[in-house]
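Visitor: Next comes the sequence, and after it the predicted model I'd like to discuss.
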Amino acid sequence: MDLGRLSNGEKIAGVSAILLFVFMFFHWFGVKLSNTSNLLFAIQSIEPGKSAWEVLDYIPIFLVVTIIATLSVAALRLMNAVRRTPIPVNAVVAILGLVSALLILFRIVAPPVFYTEATITSEGAVQFPIFLALLAAAGIAFGGYLAMREEGISLSGLRANRH
């Protein structure tokens, strides 16, 4: 396999997809326990973290679809099997990467609540690896967009003029 067949955008998207997959196993959320009763003291503690696989319902499935699509485009390019399609495959990668980044950003802004009892609430506390996953998803989006531009495809799907 000749890696020279891959465009710079496809290389960026491929490496970002691999990194996103790895980051999904890191702890994205710590578990923050809070006492919500009217006692004079408040109990707060942070337990060991939870990964994207353990906490999030459907987002990891979408992230895996994004990773598989990104790596499939790179594999097809390496095998020289990419054909001209009605929708450019790198545009699909860029859109999937953008949606993945937005889903991760949503979970940064609104961490999940694990459970709530009468006096104790357990919620997610964002940890550093989720920001790495956000950067990796943004890398997929950027790589797909860059690969689109390298193929001469504009955002409107029309062929860009080459000089």
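Guide: Yep, it's here. Numbers count the residues shown, from 1 in each chain.

Visitor: The chain: helices as residue ranges?
Guide: Taking DSSP state H as the test, the helices found in the chain are 8-23, 52-55, 59-78, 89-109, 128-150.

Visitor: Buried by neighbour count: which residues of the third one qualify?
Guide: Neighbour counts using 16 or more other Cβ atoms under 10 Å place 59-60, 63, 66-67, 69-71, 73-74, 77-78 of helix 59-78 among the buried residues. Yep, even glycine has a C-beta here, placed from its N, CA and C like the rest.

Visitor: residue contacts, the closest residue to Asn90 other than its chain neighbours?
Guide: What sits nearest to Asn90 in space, not counting adjacent residues and going by Cβ to Cβ, 6 or more residues apart in numbering, is Ala147, at 3.9 Å. Under the criterion of Cβ atoms under 8 Å, 6 or more residues apart in numbering, the neighbours of Ala147 are 7-10, 13, 90, 93-94.

Visitor: quick one: Ala147 and Ile12, what's the gap?
Guide: Ala147 is 8 Å from Ile12, where distance means Cβ to Cβ, to the nearest Å.

Visitor: residues contacting the most centrally placed residue in the chain?
Guide: With distances taken as Cα atoms, centre = their mean, Ala137 lies nearest the centre of the chain, 3.6 Å away. Taking Cβ under 8 Å, 6+ apart, we find Ala137 in contact with 16, 20, 63, 66, 97, 100-101, 104.
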